[in-house]
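> Below is the sequence, then the predicted model.
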Amino acid sequence: MRIAMIGTGYVGLVSGACFADFGHEVTCVDKDKAKIDALGRGEMPIYEPGLDDLVAANVKAGRLKFTTALPPAVKAADAVFIAVGTPSRRGDGHADLTFVHEAAREIAQALDGFTVVITKSTVPVGTGDEVERIIKETRPDADCAVVSNPEFLREGAAIRDFKHPDRIVVGTEDARAREVMREVYRPLYLNRAPVLFTERRTAELIKYAANAFLATKITFINEIADLAEKVGADVQEIARGIGLDNRIGAKFLHAGPGFGGSCFPKDTLALLKTGQDNGAPLRVVEAVVTVNDARKRAMARKVAAALGGDVRGKTVAVLGLTFKPNTDDMREAPSIPLITALQDMGAKVHVYDPAGMEQAKAYIGNVEFCPDAYSCAKGASALVIVTEWEEFRALDFDRLKATMAQPVLVDLRNIYPPEEVARAGFVYESVGRARK
Ligand SMILES: NC(=O)c1ccc[n+]([C@@H]2O[C@H](COP(=O)([O-])OP(=O)(O)OC[C@H]3O[C@@H](n4cnc5c(N)ncnc54)[C@H](O)[C@@H]3O)[C@@H](O)[C@H]2O)c1
């Protein structure tokens, strides 16, 4: 299959490289010349484990190309994927479909022969209809089918997720498109990955329902964590105690500073808007959004409480800035409102992240960027773990204690056993467990 991937970001680049690895001929297109130039030099524009090797191998094999020129890539393609961003629209929380509509128009102009146009971006119900309308309006003669194929990969484990998906969802009522999609995903099909063929609108809604459900699970355990703190229970054990029930499942039950990232915040908001517009308000998701928003600043109050209620004039060291480990993605990271709130309370903030420092500079200011965890902790009255990178799991407490102004550890990811930290002479505050 010849594939054009429009949008070479976290999803487009990973999907494009994986499709090439399946043996397809893939051209990744992006408007961002700097991104395409970097890829041309063999440099990855994002941090994703294993991506550099996968891209290099497939470029070398001649199956993966990068360009800013959309028309030739689309003209030659059997399948054109739209993997552009769909951020929250400023002001109202609807998904901003500007990039999707623009891509649809550009694709339409270049279509040549029967082509399947597939929306991989996360888009509200009915977007497939609109993409189809735009294509018909721009090119009434075009022979194409518009398919929804939402992506479920997780940053940080994106290649594995793409190659071993829990399921592939394909929304189309067109028989020819179904055949092309079978061919595109043939290697996964042969590996018996479940492929769910649905109507297009159903596929679009599956993606939002999945993300909203996961966000709900996280928010649920976060509220249980708050209660556990009040009543002297341990949320980790509660999560295990309920997660062993197959009907509940153990995943996404880690209490923490609230969900962030490039997907859950914007997707929950967009789903709320779709619900309201269609007279079917989603009250559970509304509560999830409200509770999660309030939680972000509450985490700063937790840090202040560990310091006796006042952080003014004190230095707080923040470990981990990205919204989760193994990515450099800073979009809607919980570290951002936490740092702002600490600054509002008068704290001086040191930060360190293994991969997100460059990206973080666009999101946070007035902080000291430090080269590692120990220099970050220097002179700090509290060390706060916000993102659970591997390298924060075995910190040298003696070394930290020697360099900090006060031995206080606020672990917003519960990565340490409380007794171990207390034995090391630290005041230890975590989430949903009694303070040690
Ligand atoms: N990041 C994730 O983990 C993830 C997971 C599943 C689904 N998604 C969804 O996938 C979509 C893309 O997300 P992302 O994180 O990869 O976004 P991103 O911002 O990393 O990448 C989007 C890319 O599209 C490019 N672009 C925009 N308009 C273009 C056009 N007309 N022609 C060519 N290129 C164009 C941009 O320059 C950018 O490089 C979103 O809808 C998102 O919700 C993301």
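That came in fine, so what should we check first? This structure is a prediction, so every number in the text was calculated from the model and none was measured.
> Can you pull the residues of the stretch 251-400 of the chain lying near the ligand?
Ser262, Cys263 (Cβ under 6 Å from any ligand atom). All C-beta atoms are positioned from the backbone trio N, CA, C, and that covers glycine.
> Helices along the stretch 251-400 of the chain, start to end?
264-277, 283-306, 335-344, 357-360, 373-377, 397-403 (DSSP state H, counting those that start in this stretch).
> okay, these in a markdown table with mean pLDDT and mean neighbour count next?
Shown next, in a markdown table, are these (pLDDT from 0 to 100; neighbours: other Cβ atoms under 10 Å):
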| stretch | mean pLDDT | mean neighbour count |
| --- | --- | --- |
| helix 264-277 | 97 | 21 |
| helix 283-306 | 96 | 18 |
| helix 335-344 | 97 | 21 |
| helix 357-360 | 97 | 18 |
| helix 373-377 | 98 | 21 |
| helix 397-403 | 98 | 15 |
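> Which of those sits closest to Ala61?
Taking Cβ to Cβ, helix 357-360 is the member of these nearest to Ala61, at 30.2 Å.
> Need the residues that contact stretch 215-228.
233-235, 238-239, 251-256, 258-259, 264, 267-268, 284-285, 287-288, 291-292, 295, 431-433 (Cβ atoms under 8 Å, 6 or more residues apart in numbering).
> Adding distance to Pro71 as columns, could you present the helices of the stretch 251-400 of the chain in CSV?
Compiled in CSV, the helices of the stretch 251-400 of the chain are given as follows (distance: least, Cβ to Cβ, whole Å):
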stretch, distance to Pro71
helix 264-277, 30
helix 283-306, 40
helix 335-344, 39
helix 357-360, 31
helix 373-377, 48
helix 397-403, 56
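> For Phe19, which of the ones you listed is the nearest?
helix 264-277 (23.8 Å).
> Could you tell me which residues make contact with Leu338?
Pro257, Lys296, Arg297, Met299, Ala300, Val303, Val318, Val384, Val386.
> do you know how far the nearest residue to Lys75 once chain neighbours are set aside is from the ligand?
Nearest residue to Lys75 in three dimensions, chain neighbours excluded: Asp112, at 4.5 Å (Cβ to Cβ, 6 or more residues apart in numbering). From Asp112 over to the ligand the distance is 18 Å, taken as Cβ to the nearest ligand atom, to the nearest Å.
> now the helix or strand containing Asn211 and helix 264-277, what's the angle there?
Using DSSP states H and E, Asn211 falls within helix 200-231. Helix 200-231 and helix 264-277 meet at an angle of 120 degrees, taking axes from the mean of the first three to the mean of the last three Cα atoms, to 10 degrees as the criterion.
> in helix 200-231, what's buried?
Going by neighbour count (16 or more other Cβ atoms under 10 Å), the buried part of helix 200-231 is 200-201, 203-208, 210-212, 214-225, 228-229.
> on that earlier part again, which two among the contacts of Leu338 are spaced furthest apart?
Arg297 and Val318 (14.7 Å).
> Tell me the buried residues in stretch 91-104?
Gly93, His94, Ala95, Asp96, Leu97, Phe99, Val100, His101, Ala103, Ala104.
> now do stretch 51-70
For stretch 51-70, by 16+ other Cβ under 10 Å, it's Leu51, Leu54, Val55, Asn58, Val59, Arg63, Leu64, Lys65, Phe66, Thr67, Leu70.
> And for stretch 29-36?
Val29, Asp30, Lys31, Lys35, Ile36.
> Give me the helices and strands touching the strand or helix carrying the fourth one, please.
The one in question is Lys35. Using DSSP H and E, the element containing Lys35 is helix 33-40. For helix 33-40, the elements it packs on are strand 64-67, judged by 3 or more Cβ pairs under 8 Å, 6 or more residues apart in numbering; DSSP states H and E.
> Distance check, the residue of the chain at minimum distance from the ligand against Phe99.
For the chain, the residue closest to the ligand is Gly9, as judged by Cβ to the nearest ligand atom, at 1.8 Å. Distance of Gly9 to Phe99, given as Cβ to Cβ, to the nearest Å: 10 Å.
> How many residues are close by the closest residue to Phe22 other than its chain neighbours?
Of all residues not flanking Phe22 in the chain, Pro187 sits nearest, at 4.6 Å (Cβ to Cβ, 6+ apart). Counted by other Cβ atoms under 10 Å, the residues lying close to Pro187 total 15.
> So which bits of the helix or strand harbouring Pro187 are buried?
Taking DSSP H and E as the definition, one finds Pro187 inside helix 186-190. Buried residues in helix 186-190, counted by 16+ other Cβ under 10 Å: Leu188.
> Name the nearest residue to Arg301, ignoring sequence neighbours.
Using Cβ to Cβ, 6+ apart, the closest residue to Arg301 is Ala341 (7.8 Å).
> Also Tyr185?
Ile168 (5.6 Å).
> what residues are up against the one you found?
So Ile168 contacts Asn149, Tyr185, Leu188, Ala193, Pro194, Val195, Leu196 (Cβ under 8 Å, 6+ apart).
> Any idea what the last one is bridged to?
Listed by DSSP bridges, the beta-bridge partners for Leu196 are Val169.
> just checking, it touches Arg167?
Yes: in this structure Leu196 lies within contact range of Arg167 using Cβ atoms under 8 Å: 5.6 Å.
> Pull up the distance across stretch 112-131, start to finish.
17 Å (Cα to Cα, to the nearest Å).
> Noted, bye for now.
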